[in-house]
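Undergrad: please work out how this folds:
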Amino acid sequence: MFSTHMLHPFLALSPEVKAALHQHQPLVALESTIIAHGMPYPQNVETALLVEKTVRDSGAIPATCAILGGKLKAGLTPEEIEYLGKNGSKIPKSSRRDLPYLVSKQLDGATTVASTMIIAHLADIRIFATGGIGGVHRGATTTMDISADLQELARTPVAVVSAGAKSILDLGLTLEYLETMGVPVIGYQTPDFPAFYTRKSGHKVDFQLDTPKEIAQLLHTKWQLDPRGGALIANPVPEKDQLDADLMEKTIAQAVAEADKQGISGKALTPFLLAKMEQLTAGRSLQTNIALVLNNARLAAEIAERWTMNDER
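TA: Alright, predicted model coming up:
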């Protein structure tokens, strides 16, 4: 049954997503920045379709989110995914602050973690799979460069499954911020907070839970206690796909130094760093990125299935 969220004038649901909501089927939200800004074409489109297939094969319905023609879309056609992939960086990377402008001007936008959470919440989708969240950037004590993803996790009731936070960030400060904002960080079958390309960062999660059922139960309890705010579910990259931690730290330092030299900051920083790291690792970082996104999609679908089975809303 549709909630009042469904009446939102700027929200557009695909027929598949609408049917899944009517039939109370498990749904997993997916972002579109990874399509437009995360990978080169055609790998971005191939990966997006593979992520959707992985969600379906794991028992849930995928709802890839984007802004198209000023509509907040939950659920895209293959043609719409192709359009985002082909146009790439011509499609604006869109966070919370960008939505009023893009919607009022009837423009397109690729959704970040923050804006995907907003669309998912409007569509009454509770579980969202991504690669890694944004966070507190290195050097943020002087630049104040802190991703809007963290504030969104504090305010919007959507659970985000990710391989931790991108290792280009200051992970210690990112976790401190999440603690301050009351966002629980759950490690799936691990006490360690993963660092995107590697399974360990040297930091710990708040709680380790070992099954999708336990995670769904925690989420139900959290939102019964307080309907505000999300949760971060940290799912380490599969062991066979992780990269060497020392090598990655050197590579990240090199990429960050190059960004500083070129004066790159703000929205352009993360896509620049990811592309630079792909170049410096001869493509290995991209392969790991794809592997961890698929791994997160599988777990998110399993949690969504458990959430739907036990849904007491």
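Undergrad: how close does the closest residue to Q106 other than its chain neighbours sit to L107?
TA: Take Q106 and drop its neighbours on the chain: the residue closest to it by Cβ to Cβ, 6 or more residues apart in numbering is G70, 3.3 Å away. C-beta here means a position set from N, CA and C on the backbone, and glycine is covered the same way. Between G70 and L107 the computed distance is 6 Å (Cβ to Cβ, to the nearest Å).
Undergrad: for V28, same thing?
TA: Look at V28 and L107: by Cβ to Cβ, they are 26 Å apart.
Undergrad: neighbour count for the two, which is higher?
TA: Shown here are V28 and L107; by other Cβ atoms under 10 Å, V28 has more neighbours (33 against 16).
Undergrad: gap between the helix or strand where I81 lies and the chain center?
TA: According to DSSP states H and E, I81 maps onto helix 78-87. Distance, stretch centre to chain centre, for helix 78-87: 19 Å (Cα atoms, centre = their mean, to the nearest Å).
Undergrad: tell me the strands beside the next helix or strand after it, with direction?
TA: Remark: after helix 78-87, the chain's next helix or strand is strand 93-94, criterion DSSP H and E. The pairing partners recorded for strand 93-94 under DSSP bridges are strand 109-111 (parallel).
Undergrad: and the helix or strand following the partner strand, average pLDDT?
TA: The first helix or strand that comes after strand 109-111 along the chain, using DSSP H and E, is helix 113-122. Averaging pLDDT along helix 113-122 gives 97.
Undergrad: which residue, neighbours along the chain excluded, lies closest to T156?
TA: Excluding the flanking residues, the one nearest T156 by Cβ to Cβ, 6+ apart is M117, at 4.6 Å.
Undergrad: OK, contacts around that neighbour?
TA: If you count contacts by Cβ atoms under 8 Å, 6 or more residues apart in numbering, M117 has them with 29, 128, 152-153, 156, 158, 160, 230.
Undergrad: repeat that for R97.
TA: Counting by Cβ under 8 Å, 6+ apart, R97 makes contact with A148.
Undergrad: and if you look at A36?
TA: Each residue near A36 by Cβ under 8 Å, 6+ apart is listed here: 44, 84-85, 87-89, 91, 93, 110.
Undergrad: neighbours around Q224, how many?
TA: Count around Q224 with other Cβ under 10 Å applied: 10.
Undergrad: what does the one 4 residues further on give?
TA: Counted with other Cβ under 10 Å, the burial measure for R228 works out to 12 neighbours.
Undergrad: does it touch R155 like I think?
TA: Yes: counting by Cβ atoms under 8 Å, R228 does reach R155; the two are 6.4 Å apart.
Undergrad: hmm, back to that, need the contacts of A36 in CSV (columns: neighbour count and pLDDT).
TA: Conversion of these to CSV gives the following (neighbours: other Cβ atoms under 10 Å; pLDDT from 0 to 100):
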residue, neighbour count, pLDDT
N44, 23, 94
L84, 28, 98
G85, 24, 97
N87, 14, 97
G88, 17, 95
S89, 11, 91
I91, 23, 97
K93, 21, 94
A110, 27, 98
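Undergrad: which of the contacts of M117 fall in strands?
TA: 29, 128, 160 (DSSP state E).
Undergrad: the first one is in contact with F128, isn't it?
TA: Yes: between A29 and F128 there is a contact at 4.0 Å, judged by Cβ under 8 Å.
Undergrad: joint contacts of these two?
TA: What both A29 and F128 touch, as defined by Cβ under 8 Å, 6+ apart, is the set 116-117, 120, 158.
Undergrad: out of the residues you listed, who's the most crowded?
TA: The most neighbours of any of those, using other Cβ under 10 Å, belong to T116, which has 33 neighbours.
Undergrad: where does the residue nearest to that one when sequence neighbours are not counted fall, phi/psi-wise?
TA: Distance criterion Cβ to Cβ, 6+ apart; nearest residue to T116, sequence neighbours excluded, is E31 at 4.2 Å. Note on E31: its backbone torsions stand at phi -90, psi 170 [degrees, to the nearest 10].
Undergrad: kindly report the same for Q189.
TA: Per-residue torsions, Q189: phi 60, psi 30 (degrees, to the nearest 10).
Undergrad: residue contacts, it?
TA: Contacts of Q189 (Cβ under 8 Å, 6+ apart): 208-210.
Undergrad: now, these that are in strands?
TA: 208-209.
Undergrad: tell me the one among the contacts of Q189 nearest to V256.
TA: Nearest to V256 among the contacts of Q189, counting by Cβ to Cβ, is Q208 at 30.7 Å.
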